[in-house]
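1. Predicted structure and sequence below. I'll ask about it afterward.
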Amino acid sequence: MADQQSLFREAVRSGLEGQGDLRVVGEARSGPEAVGEAERTSPDVAIVNIDLPVSGGSTLTAQIRERAPNCRVLVLGAEEDYGRLIELLDGGVAGYLTKEAPLSELVDATRTVHRGETLIPPRMLGPLLAALLRRRKERDSAYRRISHLTRREREVLVLLSEGADNDGIARALVISPQTARTHVQNILAKLSVHSRLEAAAFVTQNGILPDLVTL
């Protein structure tokens, strides 16, 4: 159980250990502590606050699963945040509850996640599916736009998204700064964006960087 508030941890520990089939094997107050405890105890389920100090959410989930591969992560959030929920599911989270849920619901959620199921509050499913469909449409639109780029322009876009200026792009691709500038201008026009920053954000927000040089 990982949460920065000791009273909350004590309440959850008491509730979980009041069940005959559940046992708390460790507690943590921060992300690094949670990772360390997961590695030390190899729990079946880790219950973590999405906003733990130092690290939280999908990054923490990845770290826990790296150190304790058989551990499934149940995240507690302050509110029904659909954007973060999608990010968490992408990162391998097995379940999500808000901290407003009653303790009995957390107990049931722990058992559900332990059985290998993925748990999402029913009231969040409709908006979550709508958000996933919207993201799918946005991703498809992004791929259509980058399909108009030449291979060289995609290479330039990769460097652009990493913060390279014209001179940096020129050095990396062994071209002149003027040629680099021309490629950047072509990219902005084809992507229908107005600045290098917008182009970089386009790549990051749509998660297409890994595919840019392989398309």
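-> Thanks, I have the structure now.

2. what's in contact with the longest helix anywhere in the chain?
-> The residue-count maximum for a helix in the chain (DSSP state H) belongs to helix 122-146. With contacts defined as CB atoms under 8 Å, 6 or more residues apart in numbering, helix 122-146 is touched by 80, 82-83, 85-86, 96, 120, 154, 157, 190-192, 202, 206-208, 211-212, 215. Heads up, the C-betas are built off the backbone N, CA and C, glycines and all.

3. So which of these belong to helices?
-> Tyr82, Gly83, Leu85, Ile86, Arg154, Leu157, Lys190, Leu191, Phe202, Asn206.

4. can you name the two of these that are farthest apart?
-> Across these, the longest distance by CB to CB is 32.8 Å; it joins Leu85 and Lys190.

5. From Ser30, how far out is the residue nearest in space to the middle of the chain?
-> Most central in the chain under CA atoms, centre = their mean is Glu87, positioned 3.5 Å from the mean C-alpha point. Note on Glu87: its distance to Ser30, by CB to CB, to the nearest Å, is 20 Å.

6. Could you do Ile187 as well?
-> According to CB to CB, Ile187 and Ser30 sit 41 Å apart.

7. What of Ser104?
-> Here Ser104 is placed at a distance of 28 Å from Ser30 (CB to CB).

8. Neighbour count for those two, which is higher?
-> Higher neighbour count among Ser104 and Ser30: Ser30, with 18 against 9, using other CB atoms under 10 Å.

9. Need the pLDDT of that one.
-> As summarised for this prediction, Ser30 has a pLDDT of 85.

10. same question, Pro127
-> 73.

11. Could you do the one 3 residues further on as well?
-> What the model reports for Ala130 is a pLDDT of 74.

12. Run a quick neighbour tally on it.
-> Neighbour tally, Ala130, other CB under 10 Å: 11.

13. Tell me how far the longest helix of the chain lies from the chain's centre.
-> Distance of helix 122-146 from its chain centroid, counting by CA atoms, centre = their mean, to the nearest Å, is 15 Å.

14. buried set for it?
-> Neighbour-count burial for helix 122-146 flags Met124, Leu128, Ala142, Arg145, Ile146 (criterion: 16 or more other CB atoms under 10 Å).

15. Which residues does stretch 91-106 contact?
-> Stretch 91-106 is contacted by residues 8, 11-12, 15-16, 45, 47, 49, 57-59, 61-62, 65, 72-80, 85, 88-89, 109, 112-113, 117-121, 124 when judged by CB under 8 Å, 6+ apart.

16. hey, C-alpha coordinates of it in PDB?
-> Provided in PDB are the C-alpha atoms of stretch 91-106 (Å, rounded to 0.1, in the frame of the first residue of the first chain):
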ATOM      1  CA  GLY A  91       1.200   1.800 -18.800                       C
ATOM      2  CA  GLY A  92      -0.100  -1.500 -17.600                       C
ATOM      3  CA  VAL A  93      -2.300  -0.600 -14.600                       C
ATOM      4  CA  ALA A  94      -4.700  -3.400 -13.700                       C
ATOM      5  CA  GLY A  95      -7.300  -1.300 -11.900                       C
ATOM      6  CA  TYR A  96      -8.500   2.200 -11.000                       C
ATOM      7  CA  LEU A  97     -10.600   3.600  -8.200                       C
ATOM      8  CA  THR A  98     -11.200   7.100  -6.800                       C
ATOM      9  CA  LYS A  99     -10.300   7.700  -3.200                       C
ATOM     10  CA  GLU A 100     -14.000   8.500  -2.600                       C
ATOM     11  CA  ALA A 101     -14.800   4.800  -3.000                       C
ATOM     12  CA  PRO A 102     -15.900   3.000   0.200                       C
ATOM     13  CA  LEU A 103     -13.400   0.600   1.800                       C
ATOM     14  CA  SER A 104     -15.600  -2.400   0.900                       C
ATOM     15  CA  GLU A 105     -15.200  -1.400  -2.800                       C
ATOM     16  CA  LEU A 106     -11.400  -1.200  -2.500                       C
END
